[in-house]
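# Sequence first, predicted model second:
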Amino acid sequence: MKLSVLIPVFNERYTLERVVEDVLQAALPDGLEREIVIVDDASTDGTAEVVQRICARHPAVASLRLETNQGKGAALRAAIQQAAGDFIVFQDADLEYSPADYGRLLAPILAGHADVVYGSRFLSGEYRRVLYFWHSLGNRALTTWSNMLTNLNLSDMETCYKMARADLLKSIPIRCNRFGVEPELTAKFAKRGCRIYEAPITYRGRTYGEGKKITWRDGAKAIFIALYFRLVDDLYDERYGHAILHSLSATHRFNRWMADAIRPWVGERVLEIGAGLGNLTRQLLPRDEYTVSDIDPLHLHYLTSRFAVNGRVAVRRVDAACAADFQGLENSLDTIVCLNVLEHIVADGAALANFFAALAPGGCALILVPQHPRLAGSLDEVLGHVRRYTRKELTDKLVAAGFRVERVFSFNRISVPGWWFNGRVLQRRHFGKLQLKIFDSLVGLWRHLDRWLPWSGISLIAVARKPPQP
């Protein structure tokens, strides 16, 4: 495993070499390697020559250079994409922060408790330099404002020392080029449901005469940046439909409606395929044994975080079409829940055969898939849908896998016009936050109207049972 230390630098030729030496000498847990990525933000004081000298001397140091000065956020954005480690920490080049504190920051992550760790200058560290009162007051005010918007209780939002899992950071788009990256990342960590910890650090602050760069103007901008990212959901560097799934996670009433539709057939030993962010899981718990699964590392980390304290919930990587991922589950489950997953799988017949093998005789597979091939549009494309099913196609594939199909019924008729209009006419690639909120607030009405609408639903739900042994 490897720790990537990212050092954005602008006109720091007098301190950069010392910082790099401190990083290279910092004690790390056994077996953890390190790399350093320096991003020169178009320095003009000879820093570029210092960077070249450092890279020539130390193979573990890589460097990038921005041709125009853009700011800390832009430098970090470039460095994060370059980083090859499992964990990432931000390191200033000005000697204010001590790499000797890396062990404290790593401990909660390596123990499996945290996704992100902030190094706090205001918790009780070994020592800290006494400096500007108004600067300290401004830091605390910005932290308080950020906490009010994110519902966190951080003691130091503006700290440089932020350590996180690399896959998490790489999946978050960074929009702010300057110091606004601090409230931006904090808002996004909070909205993503990350487990955030703090650890005390040693802080050797410097004066403006010694080269400190952040000013009151950056603090004023941070107020509006924190508010902006409270109102705007911009949480994923879009891959695999993460942004849409996150938007749908806020539709709690709709998720309850979907869970109620399958609840009569859900048993006590359950495997949920493609659990995503656990929206359905929360509706179906508690159960004697409940396993949530996914193939996306981001979702698996999120599920682990969300259900870490629930001893009856296990998290497992399961590719529905891969028989090897079902080893140890043969004839052991009474329910498999697979909602909005089968349409993503090219070899959907192989997936159904794996479900059949994992179920105990008499066990039930609950399958929800999108209906109506003619509805396929831009939303299906961004979600990665391979197909939309007809009732006959789904039934035939279940029977071919060995199931006895007890029931197939339509679900959610009310969404058909909206899906067609958004995906075929407007060709949108996401759902509007207000649109989803209005839809979710009226789910009680939709549930009553659904049975009276003259067309079939946007989805099909199949109840398929593994025949009991003679």
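Received it, and whenever you're ready, just let me know what you need.
# how close does Asp218 sit to Ala259?
Counting by C-beta to C-beta, to the nearest Å, the separation of Asp218 from Ala259 is 46 Å. (Each C-beta comes from the backbone N, C-alpha and C, glycine too.)
# which residue packs closest to Gly274, ignoring adjacent ones?
Spatial nearest neighbour of Gly274, excluding adjacent residues (C-beta to C-beta, 6 or more residues apart in numbering): Val341 at 3.5 Å.
# Surely the one you found and Ala275 touch.
No. Taking C-beta atoms under 8 Å as the definition, Val341 is not a contact partner of Ala275, at 9.2 Å.
# So these two - more neighbours on which side?
Remark: of Val341 and Ala275, Ala275 carries more neighbours, 29 against 22, as counted by other C-beta atoms under 10 Å.
# Assign the more buried one to helix, strand or coil.
Three-state call for Ala275 (DSSP: H, G, I helix; E, B strand; the rest coil): coil.
# Need the nearest residue in space to it, chain neighbours excluded.
In space, Ala275 is closest to Val292, 3.9 Å off (C-beta to C-beta, 6+ apart).
# Can you name the helix or strand that that neighbour falls in?
In the assignment (DSSP states H and E), Val292 maps to strand 289-294.
# Report the residue ranges of every domain in the protein.
2-231, 242-465 (automatic domain parsing).
# Distance check, Thr281 against Val270.
On the measure of C-beta to C-beta, Thr281 and Val270 end up 9 Å apart.
# Please disregard the earlier target; I meant Thr186.
On the measure of C-beta to C-beta, Thr186 and Val270 end up 36 Å apart.
# between those two, who's got more neighbours?
The neighbour comparison of Thr186 against Val270 (other C-beta under 10 Å) goes to Thr186, with 28 against 23.
# Mind telling me what element the more buried one is part of?
For Thr186, the host element (DSSP H and E) is helix 181-191.
# Can you tell me which helices and strands that helix packs against?
Contacts defined by 3 or more C-beta pairs under 8 Å, 6 or more residues apart in numbering; DSSP states H and E place helix 181-191 against helix 72-82, helix 133-150, strand 162-165, helix 216-231.
# Show residues contacting that helix.
With C-beta atoms under 8 Å, 6 or more residues apart in numbering as the contact definition, helix 181-191 has outside contacts at 72-73, 76, 115-116, 142, 146, 149-152, 154, 157-159, 162, 164, 172, 174-176, 196, 222, 225-226, 229-230, 233-235.
# just the CA coordinates of it, formatted as CSV?
Written as CSV, here are the backbone C-alpha positions of helix 181-191 (Å, rounded to 0.1, in the frame of the first residue of the first chain):
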residue,chain,number,x,y,z
VAL,A,181,-11.0,24.1,-2.2
GLU,A,182,-11.2,23.7,1.6
PRO,A,183,-14.9,24.4,2.1
GLU,A,184,-15.7,22.8,-1.3
LEU,A,185,-14.2,19.4,-0.3
THR,A,186,-15.7,19.6,3.2
ALA,A,187,-19.2,20.1,1.8
LYS,A,188,-18.7,17.2,-0.7
PHE,A,189,-17.3,14.9,1.9
ALA,A,190,-20.3,15.6,4.1
LYS,A,191,-22.9,15.1,1.2
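# ok and it relative to helix 72-82, angle-wise?
Using axes from the mean of the first three to the mean of the last three C-alpha atoms, to 10 degrees, the interaxial angle of helix 181-191 with respect to helix 72-82 works out to 60 degrees.
# just checking, next helix/strand downstream of helix 181-191?
For helix 181-191, the succeeding helix or strand toward the C-terminus, using DSSP H and E, is strand 196-200.
# on that earlier part again, can I get the domains of the chain in CSV with mean pLDDT?
Output for those, formatted as CSV (pLDDT from 0 to 100):
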stretch, mean pLDDT
domain 2-231, 89
domain 242-465, 91
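# List the buried residues of the helix or strand containing Glu35.
Using DSSP H and E, Glu35 falls within strand 33-40. Judged by neighbour count using 16 or more other C-beta atoms under 10 Å, the buried positions of strand 33-40 are 34-40.
# Double-check that Asp334 belongs to a strand.
Yes. The assignment for Asp334 is a strand, going by three-state DSSP.
# need the contact list for the nearest residue to it once chain neighbours are set aside.
Spatially, and ignoring its direct neighbours in sequence, Asp334 is nearest to Gly267 (3.5 Å; C-beta to C-beta, 6+ apart). Contact partners of Gly267, counting by C-beta under 8 Å, 6+ apart, are 287, 334-335, 363-364.
# Send me the longest strand along the chain as PDB with only the CA atoms.
For the chain, the longest strand by residue count, based on DSSP state E, is strand 359-370. Presented in PDB, the C-alpha positions along strand 359-370 are these (Å, rounded to 0.1, in the frame of the first residue of the first chain):
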ATOM      1  CA  LEU A 359     -31.100 -19.900  -3.300                       C
ATOM      2  CA  ALA A 360     -32.300 -22.700  -1.100                       C
ATOM      3  CA  PRO A 361     -35.100 -24.800  -2.400                       C
ATOM      4  CA  GLY A 362     -38.300 -22.800  -2.100                       C
ATOM      5  CA  GLY A 363     -36.200 -19.500  -2.100                       C
ATOM      6  CA  CYS A 364     -37.400 -16.500  -3.900                       C
ATOM      7  CA  ALA A 365     -35.800 -14.100  -6.400                       C
ATOM      8  CA  LEU A 366     -37.300 -10.600  -6.600                       C
ATOM      9  CA  ILE A 367     -36.300  -8.900  -9.800                       C
ATOM     10  CA  LEU A 368     -37.100  -5.400 -10.900                       C
ATOM     11  CA  VAL A 369     -36.100  -4.300 -14.400                       C
ATOM     12  CA  PRO A 370     -37.000  -1.300 -16.600                       C
END
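# what helices or strands is it leaning on?
Looks like strand 359-370 contacts helix 252-262, strand 333-339, helix 348-358, helix 391-400, strand 459-465 (3+ C-beta pairs under 8 Å, 6+ apart).
# Okay, buried residues for it please.
Neighbour-count burial for strand 359-370 flags 359-360, 363-370 (criterion: 16+ other C-beta under 10 Å).
# on that earlier part again, using PDB, write down the CA coordinates of the strand holding Val292.
What follows is strand 289-294, C-alpha atoms only, in PDB (Å, rounded to 0.1, in the frame of the first residue of the first chain):
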ATOM      1  CA  GLU A 289     -28.900 -12.100   7.900                       C
ATOM      2  CA  TYR A 290     -28.600  -9.400   5.200                       C
ATOM      3  CA  THR A 291     -25.800  -9.200   2.700                       C
ATOM      4  CA  VAL A 292     -25.400  -6.100   0.600                       C
ATOM      5  CA  SER A 293     -23.300  -6.400  -2.500                       C
ATOM      6  CA  ASP A 294     -22.000  -4.300  -5.400                       C
END
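# now the helix or strand just after that strand, how far from the chain's geometric center?
Using DSSP H and E, the next helix or strand after strand 289-294 towards the C-terminus is helix 297-306. From the chain centre to the centre of helix 297-306 is a distance of 8 Å (C-alpha atoms, centre = their mean, to the nearest Å).
# Now do helix 297-306: everything it contacts.
112, 115, 165, 167-168, 171, 192-195, 242, 275-278, 281, 292, 294, 315, 317.
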